[in-house]
Structure formats: C-alpha cells, structure tokens
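Trainee: structure for this input, please:
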Amino acid sequence: MLAAIGEGARAFWGRATPSNAAVEISQQTIDPVRKPGVPPRGLPALRFPDYIRSPEVPHYLGWLNYWSAAAAQAIGFPDPTRDAELLSRAWRTASGGWVVQLTDAPLDLDNPAHLDALKRAYERFSEIGGRAAP
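Mentor: Below is the predicted model:
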C-alpha cells in the first residue's frame, strides 16, 4: 500500500511506522532555537525540513520506507556492496523507486536489534534528515 500511495501521489518519499516508534522518531528533529533537545535512544539529530538541501531527500526513516527513483539517487541507494542487508528486505516499484523495510517485524524501539537497525540505516544514509555536509 505504501508503494501505491507514493507512486500515485508522485511523492519523493514516505514511510509507514508503528505509532510508538513514530513518536520517538519525530523527537529526533531538533533545532537550538526552535526545538531544543536531545534525540531519544542515541538516535541522530535531524534538521528541520527547511534546512534539507532538496525535496528528494527524506526527512527521516521509518519501518517501511518509500523512496522514489529520485530520492534513492539523492541518498545513494542501492549500493550492492553496502546495502545487502537492506536489499534483502527491499523491492522495486513500477516507476523505479524502492520500498525498503528496516526490520522483519514492525519497528519496535524497545527491541535492541530494531534500534540497532535504525541506527545503522541512519549511519548509512547521512543525507537523510539533512545531516550531510552541504
């Protein structure tokens, strides 16, 4: 369904995440003036959308991630040598985009393996959330 919505809306990116994890992921977006704080669980700090270099770059990750072909190119996905684990749970869309599932079961940040998978994905894609140097 995520792919159908993304493709139908001609979206650059989207995500589907269980609500408990989505709340914590939303707390990653901080700003010294507008929204100070520290992201939960050692997750990286993400920037507000107006600081992200282009609309193709996703603002954050989720359990299921829809990346259009343009978004995938903007973040450098796929790289067969670096993305083998993600590719095992990813599929192409009709328009050449991708749906990438971070974990086999719905994302649960109380599960250390799920939290590690999310952190690894953020390490891999430094563009996401406007964290890469311009």
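
Trainee: how distant is the worst-scoring helix or strand of the chain on mean pLDDT from the center of its chain?
Mentor: The weakest-scoring helix or strand in the chain, judged by mean pLDDT, DSSP states H and E, is helix 2-8 (a mean of 92). Centre-to-centre, helix 2-8 and its host chain are 16 Å apart (C-alpha atoms, centre = their mean, to the nearest Å).

Trainee: show me what it is packed up against.
Mentor: strand 13-16, strand 64-67 (3 or more C-beta pairs under 8 Å, 6 or more residues apart in numbering; DSSP states H and E). All C-beta spots, glycine's among them, are computed from the backbone N, C-alpha and C.

Trainee: next secondary structure after the first one?
Mentor: Right, the one you point to is strand 13-16. Sequence-wise, the next helix or strand downstream of strand 13-16 (DSSP states H and E) is helix 19-26.

Trainee: and that next one, what's buried?
Mentor: Using 16 or more other C-beta atoms under 10 Å as the test for burial, helix 19-26 gives 21, 22, 24, 25.

Trainee: would you confirm that the last one contacts residue 17?
Mentor: What that stands for is residue 25. Yes. Assessed by C-beta atoms under 8 Å, residue 25 is found in contact with residue 17 at 6.5 Å.

Trainee: anything in contact with each of these two?
Mentor: Listed as contacting both residue 25 and residue 17 by C-beta atoms under 8 Å, 6 or more residues apart in numbering are residue 62.

Trainee: for the residue of the chain most remote from its centre, give me the pLDDT.
Mentor: Distance from the C-alpha centroid of the chain, by C-alpha atoms, centre = their mean, peaks at residue 33 (24.3 Å). Residue 33 carries a pLDDT value of 90.

Trainee: cool, and residue 134?
Mentor: Predicted confidence (pLDDT) for residue 134: 63.

Trainee: how many neighbouring residues does residue 8 have?
Mentor: Applying other C-beta atoms under 10 Å, we find 8 residues neighbouring residue 8.

Trainee: my error: substitute residue 5 in the last question.
Mentor: Under the neighbour criterion other C-beta under 10 Å, residue 5 is assigned a count of 12.
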